[in-house]
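**Student:** Sequence and predicted structure below; questions after.
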Amino acid sequence: MKQTARIISIHAADTSGVCSMLYELGGMVVVHDASGCNSTYSTHDEPRWYRQDSMIYISALTEADAILGNDEKLIGDVVSAAKDLSPRFIALCGAPVPLLAGTDFPAIAAEVESRTGIPAFGLHTSGMRSYLAGASEALKAVVSRFCTDALPRTDAPSANIIGATPLDFSINGTVESMIDWLNRSGFELVSCMAMGSTLDDIRRASAAHVNLVVSSCGLATAELLLERFGTPWVAGVPVGKKFPAVLASALKTAAKTGECALPCAERDASSPVKKLAIPGETIFSGSLAAAIESDLGAPCRVLCPLEAEDRLLAPGDIRIFDEDAAAEAFAASSVVIADPMYAPVCPPDVPFHRLPHEAFSGRCYRKESLNLIDRPLPWRF
Amino acid sequence: MLKLAFYGKGGIGKSTTVSNLASAFAANGLKVMQIGCDPKADSTASLHGGARMRSILDLVRERNNDFMLGEMVREGDGGVICVEAGGPTPGLGCAGRGIITALEKLQEKGAYEVYKPDVVLYDVLGDVVCGGFSMPMRKGYADRVFILTSGETMSVYAAANIAMAVKNFRGRGYASLGGFVLNRRNAPDEDAKAAKLAVDFESSVVGALDWSETVQQAEQLGKTVVHAFPDSPMAAQYRALADAVLAAARKGDASC
């Protein structure tokens, strides 16, 4: 069946992407949805929920409010809560019911901002797209609003990391390892968007010489910073032993020339030979494919089940829109490295290696999640 | 680019008036896009011989998102770019949500950037009955709302409801009220009623149209009055209204 997932999971929705991206920034995130759905956005998709405070709320939308268009209740509740909590910003986002009711979140945000004086923005989430779309729009909205001044570049080479959320990188030291690697590669960190950095760190983003985009949800923000401040970006995640050096070199070149680069997609998967398949977010999966090819010599191709620009795919990478396509692609592969929830559609004669992806399986396999940054890969083929 | 939305009670003559305004603007050398926001998809019929055209939601129904911008439009008399939002299967679905989807598709596929119209006219079904029918007045769509009314009580009542909605949405950055258009039905004291309505909303009656058989004659031909009977007194009234609407829309907006 097309466009269905009968057996495997689906990726976290755009609302989860918003909550994850904005979790640490001191803003108030309000999802306009029925009460009870908060557990989906927070506990299932959010490993920080029990150890780190954040202002993520659900509006407790009722059937009557939806039918009657009772936006004033939402506005009143948000304004009241904002006066108690004094958040740095307010993000309003929707779910399927507001989508059908045509709720105008940017307009509601404008009203909230005019009543509270707190920067507010409405996001076009609907629960119908993946976490990448929500995380991308949320981060771009924050950066667009708060990174307005062109600060002098830092004296020493420096970079922002853009697109880091637990949905892609879990809480297993991966992000900290990326920052360590960046420092060892000769770059100071200005901000990590958005794990481990404050909103004030992010406000200083224009001081960086280059941006490292580690997930496709960071690309729109990187493009904004390029347009606004001329900061070039490089897309890739420093996984494995040899690929980090390629990425570090690309960062240095970009900082020097101002040219953007996509080392994660500088591969060629178009030869007819059977390949190792890596389904997932394109920048991470593309980086892992490059790392496996250089470290282990196994030809790879990325299977893209999510929204991604064509330029993030290498020749021969393919899009998989449903589980039938995933099963077909797995059957044509030599090996599969994927989230454990893909395993049921992988043929038994194709070796399957587990690599949990929080955006796909939530907390189910969190204990198995791997930190692959700047170290030997754990597989042999 | 000037974007104008026209609202008013059902049957008050919005599509006829808007199509004649489109013809009048086009005759003055302006590039015009008329977007019918009504599930019946007949707003622009008099601009292309009375024939029905394929609506955006017809395309969505048949091909989801797999269609091109050029398939969503049809060039009508005087070069007016005609678009019909369309609607769900009668009796099913959600017409208001359909309008939102149709207008979003038009924007996504770059209609305003590609055709670069000088004037965009949104002809909106009846009253602002739900979020979908407020879409044409939302930020990024119309700049000004014009409300058609006659002097009949129910028409004035509907016009006041729409004007109140426009007023209530002021804090959201929606379109502002451009004024009222009186479409005379020979009801008692209708000029006075329309004038009072305008005063109540601190606005004005920007123009008035007489009841005329010429309108029905043009409709029979599948044309606008301005196009079919350009020398008629009624065509002159539409041209005068077009000038008045433009002047009212530009008032207080240097960018227009």
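**Tutor:** Looks like it arrived, so ask away. Residues are numbered from 1 along each chain as shown, chains lettered A, B, ... in the order given.
**Student:** how far away is residue B:132 from chain A?
**Tutor:** The gap separating residue B:132 from chain A is 5 Å, by CB to the nearest CB, to the nearest Å. (Each C-beta comes from the backbone N, C-alpha and C, glycine too.)
**Student:** how many neighbours does that residue have?
**Tutor:** 26 (other CB atoms under 10 Å in any protein chain shown).
**Student:** as a whole number, average confidence for the host helix or strand of it?
**Tutor:** Element membership for residue B:132, per DSSP states H and E: helix B:131-134. Mean per-residue pLDDT for helix B:131-134: 82.
**Student:** Not counting sequence-adjacent ones, nearest residue to residue B:50?
**Tutor:** residue B:222 (2.7 Å; CB to CB, 6 or more residues apart in numbering or on different chains).
**Student:** My guess is that neighbour contacts residue B:52. True?
**Tutor:** No. Counting by CB atoms under 8 Å, residue B:222 sits too far from residue B:52 to count as a contact (10.9 Å).
**Student:** Give me the common contacts of these two.
**Tutor:** residue B:45 (CB atoms under 8 Å, 6 or more residues apart in numbering or on different chains).
**Student:** re earlier: phi and psi next, for the residue nearest to residue B:50.
**Tutor:** For residue B:222, the backbone dihedrals are phi 70, psi 30 (criterion: degrees, to the nearest 10).
**Student:** Could you report the pLDDT at it?
**Tutor:** Reported pLDDT for residue B:222: 94.
**Student:** what about it, distance to chain A?
**Tutor:** 33 Å.
**Student:** May I see the buried residues of stretch B:224-232?
**Tutor:** Within stretch B:224-232, the residues that count as buried by 16 or more other CB atoms under 10 Å in any protein chain shown are B:224, B:225, B:226, B:227, B:228, B:229, B:232.
**Student:** what's the offset of it from the middle of its chain?
**Tutor:** Computed by CA atoms, centre = their mean, to the nearest Å, the separation of stretch B:224-232 from the middle of its chain amounts to 19 Å.
**Student:** What of stretch B:229-246?
**Tutor:** 16 Å.
**Student:** Check stretch B:24-33 too.
**Tutor:** Using CA atoms, centre = their mean, the offset of stretch B:24-33 from its chain centre is 14 Å.
**Student:** Please identify the buried residues of that stretch?
**Tutor:** B:24, B:25, B:26, B:27, B:30, B:31, B:32, B:33.
**Student:** what's the residue nearest to the second one when sequence neighbours are not counted sitting at in phi/psi?
**Tutor:** Right, residue B:25. Among residues not flanking residue B:25 along the chain, residue B:32 sits closest, at 4.8 Å (CB to CB, 6+ apart). Dihedral pair for residue B:32: phi -120, psi 140, per degrees, to the nearest 10.
**Student:** next one: residue A:93
**Tutor:** Dihedral angles for residue A:93 - degrees, to the nearest 10 - are phi -140, psi 160.
**Student:** so who does it touch?
**Tutor:** Counted by CB under 8 Å, 6+ apart, residue A:93 has contacts A:14-15, A:18, A:29-32, A:105, A:122-125, A:134, A:138.
**Student:** Which residues of the stretch 1-150 of chain B lie near chain A?
**Tutor:** B:94, B:96, B:97, B:100, B:130, B:131, B:132, B:134, B:135, B:138, B:139 (CB under 8 Å from any CB of the partner chain).
**Student:** Look at the nearest residue to residue A:189 once chain neighbours are set aside and say how many residues are nearby.
**Tutor:** Ranked by CB to CB, 6+ apart and with sequence neighbours excluded, the top spatial neighbour of residue A:189 is residue A:179, at 5.3 Å. Neighbours of residue A:179 under the rule other CB under 10 Å: 21.
**Student:** Please apply the same query to residue A:78.
**Tutor:** Neighbours of residue A:78 using other CB under 10 Å come to 25.
**Student:** Please spell out which residues along the host helix or strand of it are buried.
**Tutor:** Assigned by DSSP H and E, residue A:78 belongs to helix A:71-85. Buried residues in helix A:71-85, counted by 16+ other CB under 10 Å: A:71, A:74, A:75, A:78, A:79, A:81, A:82.
**Student:** thought the fourth one was touching residue A:112?
**Tutor:** Yes. The pair residue A:78 and residue A:112 passes the contact test of CB under 8 Å, sitting 5.3 Å apart.
**Student:** which residues are in contact with both of the two?
**Tutor:** What both residue A:78 and residue A:112 touch, as defined by CB under 8 Å, 6+ apart, is the set A:90, A:92.
**Student:** still on that earlier bit, quick check, nearest of the residues of the stretch 1-150 of chain B next to chain A to residue B:167?
**Tutor:** Distance to residue B:167 across the residues of the stretch 1-150 of chain B next to chain A (CB to CB) is lowest for residue B:134, with 12.6 Å.
**Student:** List the contacts of the closest one.
**Tutor:** A:102, A:104, B:128, B:165, B:169, B:174.
**Student:** Dump those residues into TSV; add pLDDT as well.
**Tutor:** Converted to TSV, the contacts of residue B:134 look like this (pLDDT from 0 to 100):
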residue	pLDDT
A:102	85
A:104	89
B:128	73
B:165	89
B:169	85
B:174	90
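**Student:** hang on, the earlier thing: please state the offset of the helix holding residue A:78 from the chain centre?
**Tutor:** For helix A:71-85 - counting by CA atoms, centre = their mean - the centre lies 28 Å from the chain centre.
**Student:** Any part of that helix near chain B?
**Tutor:** No. Judged by CB under 8 Å from any CB, helix A:71-85 makes no contact with chain B; its nearest approach is 9.0 Å.
**Student:** hmm, back to that, need the next SSE after the helix holding residue B:132, C-terminal direction.
**Tutor:** With DSSP H and E, the next secondary element past helix B:131-134 is strand B:144-149.
**Student:** for the helix or strand just after that next one, packing partners?
**Tutor:** As assigned by DSSP H and E, the chain's next helix or strand after strand B:144-149 is helix B:153-168. Packing partners of helix B:153-168 (3 or more CB pairs under 8 Å, 6 or more residues apart in numbering or on different chains; DSSP states H and E): strand B:2-8, strand B:144-149, strand B:176-183, helix B:190-200.
**Student:** Near the residue nearest to residue A:41 when sequence neighbours are not counted, how many other residues are there?
**Tutor:** Residue nearest to residue A:41 in three dimensions, not counting chain neighbours: residue A:19, with 4.7 Å by CB to CB, 6+ apart. Look at residue A:19: counted by other CB under 10 Å, it has 31 neighbours.
**Student:** I'd like the distance between the residue of chain A most remote from its centre and chain B.
**Tutor:** The centre of chain A is farthest from one residue, residue A:68, which by CA atoms, centre = their mean lies 35.0 Å away. From residue A:68 across to chain B, the span is 10 Å (CB to the nearest CB).
**Student:** Could you look up the SS state of residue A:295?
**Tutor:** helix (DSSP: H, G, I helix; E, B strand; the rest coil).
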